[in-house]
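# Structure of the sequence below:
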Amino acid sequence: MRVTDDRGVEILLDAPAARIVPLYGAFGEILADLGREEAVAARTAADDFPPAIASKPSIGTHLRPNAELILGLSPDLVVQLGGRPEALEAVRFLEERGLTVAVFDLENFGQLFSVMERLGVLTGSGERAAERTAAMRAELAAIGAAPAGPQPRIFFEARYPNLLAAGQGSMVAEIMAAAGGRNCVEAPDKLVRLGEEEVLRLAPDIYLMQQGPMNPSPVPLAERPLFRTLPCLGTGQVFTVDQALFSRPGPRSIEAVRQLSTIIANWKTEVRP
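As a prediction, the model looks like this:
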């Protein structure tokens, strides 16, 4: 079993991985989607999906995993998310003690499919990975083939107050594009701090508020004095969505595209016929 991870490191296993510790929740979801949930030996503290993985022991958080607990599980593969230097500290510690660690980037659909295919190789599930990625690519193409029309400008609230929005470097921006809309926040970062006045200037057609650990109780726009004049509030185009679907890249990102494409289709019918 041989792949190259996103550091350029060759990951070589003598046999399909049978005890895997994912250090980011999406990797557990991907393994379950490939039918290999029985190979997941542990989970991070915040992860409770799918249910078969929720019952696994916790090894801490994505950025601060308990390396001693991981060593005690004797995994044949550890998978970590790339992108943040602090996430690689545990990787170096585990590799120095002889564990095999693959680091993958996961910020868009292209990377998602690549990770699924490489985990398919490492777990002996290559055929299943090829089937799943082909099905997901086909569904994205079908949604993208919907009749052309006006393209709504969409704002995605990751957190409020101390407003954080999804930028162009986020999976959310990919989901918007796949569903037929576009992110009205032009900044290239994954997450962008914005003042509320900037949202008024952007005047999005559709406003999405995620609900989840980052934004546990979204405040209705009508209860925010500055936002009461947003046109999308008057047209009823404000929606609360699940953080786990929209902000975590993984197999369920397709469900986020389905939900948003329905919202956009209704916007075209009700607001821009």
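# Check the secondary structure at Pro85 for me.
Secondary structure, DSSP: H, G, I helix; E, B strand; the rest coil: Pro85 is coil.
# Distance-wise, check it relative to Ile254.
Taking CB to CB, to the nearest Å as the measure, Pro85 and Ile254 are separated by 30 Å. C-betas here are computed from N, CA, C, even on glycine.
# So these two - more neighbours on which side?
Ile254 (19 against 7; other CB atoms under 10 Å).
# Next one: the nearest residue to that one once chain neighbours are set aside from Ile143, what distance?
Using CB to CB, 6 or more residues apart in numbering and skipping the chain neighbours, the partner closest in space to Ile254 is Met136 (5.5 Å). With the distance defined as CB to CB, Met136 ends up 11 Å from Ile143.
# Equivalent analysis for Leu200, please.
Relative to Ile143, Leu200 is positioned 31 Å away (CB to CB).
# Comparing these two, which shows the higher neighbour count?
Using other CB under 10 Å, the more surrounded residue of Leu200 and Ile143 is Ile143, with 17 against 12.
# where does the closest residue to Ser114 other than its chain neighbours fall, phi/psi-wise?
Once flanking residues are discounted, Ser114 sits nearest to Phe104: 7.9 Å by CB to CB, 6+ apart. In terms of degrees, to the nearest 10, the main-chain angles of Phe104 are phi -120, psi 140.
# Could you do Ile53 as well?
The phi/psi pair for Ile53 (degrees, to the nearest 10) reads phi -90, psi -30.
# if I look at it, how far off is Arg36?
11 Å.
# where along the chain do the helices fall?
For the chain, applying DSSP state H gives helices covering 25-33, 51-54, 67-73, 87-96, 109-122, 126-144, 171-179, 196-202, 231-234, 243-246, 253-270.
# out of the ones you listed, which comes closest to Thr44?
Minimum separation from Thr44 across those (CB to CB) falls at helix 25-33, 6.0 Å.
# Quick check: mean pLDDT of the closest one?
Helix 25-33 carries an average pLDDT of 93.
# any low-confidence regions in the chain?
Residue ranges of the chain with pLDDT under 70: 273.
# repeat that for 90
Residues of the chain meeting the criterion pLDDT under 90: 1, 25, 45-56, 60-65, 67, 83-90, 144-150, 225-226, 269-273.
# mind listing what the residue nearest to Ser114 touches?
When contacts are counted by CB atoms under 8 Å, 6 or more residues apart in numbering, Phe104 touches 5-6, 27, 79-82, 111, 114-115, 118.
# 10 Å instead, please
3, 5-7, 11, 24, 26-27, 30, 79-83, 111-112, 114-116, 118-119 (CB atoms under 10 Å, 6 or more residues apart in numbering).
# Just the buried residues out of the residues you listed, in ChimeraX syntax.
Selection of buried members from these for ChimeraX, criterion 16 or more other CB atoms under 10 Å:
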select :3,5,6,7,11,24,26,27,30,79,80,81,82,111,112,114,115,116,118,119
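# Could you measure from the closest residue to Leu94 other than its chain neighbours over to Pro75?
Residue nearest to Leu94 in three dimensions, not counting chain neighbours: Val101, with 5.4 Å by CB to CB, 6+ apart. Counting by CB to CB, the separation of Val101 from Pro75 is 9 Å.
# Now do the shared contacts for those two.
21, 94.
# Just list whatever residues bridge to Arg159.
Leu164 (DSSP bridges).
# distance of it from Gly212?
10 Å.
# Now do the shared contacts for those two.
With CB under 10 Å, 6+ apart as the test, Arg159 and Gly212 both reach 218, 243.
# Which residues are in contact with Glu255?
175, 242, 244-246.
# Just put the residues you listed in a markdown table and tack on neighbour count and distance to Ser261.
Output for the contacts of Glu255, formatted as a markdown table (neighbours: other CB atoms under 10 Å; distance: CB to CB, whole Å):
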| residue | neighbour count | distance to Ser261 |
| --- | --- | --- |
| Ile175 | 31 | 9 |
| Asp242 | 15 | 15 |
| Ala244 | 21 | 18 |
| Leu245 | 20 | 13 |
| Phe246 | 27 | 13 |
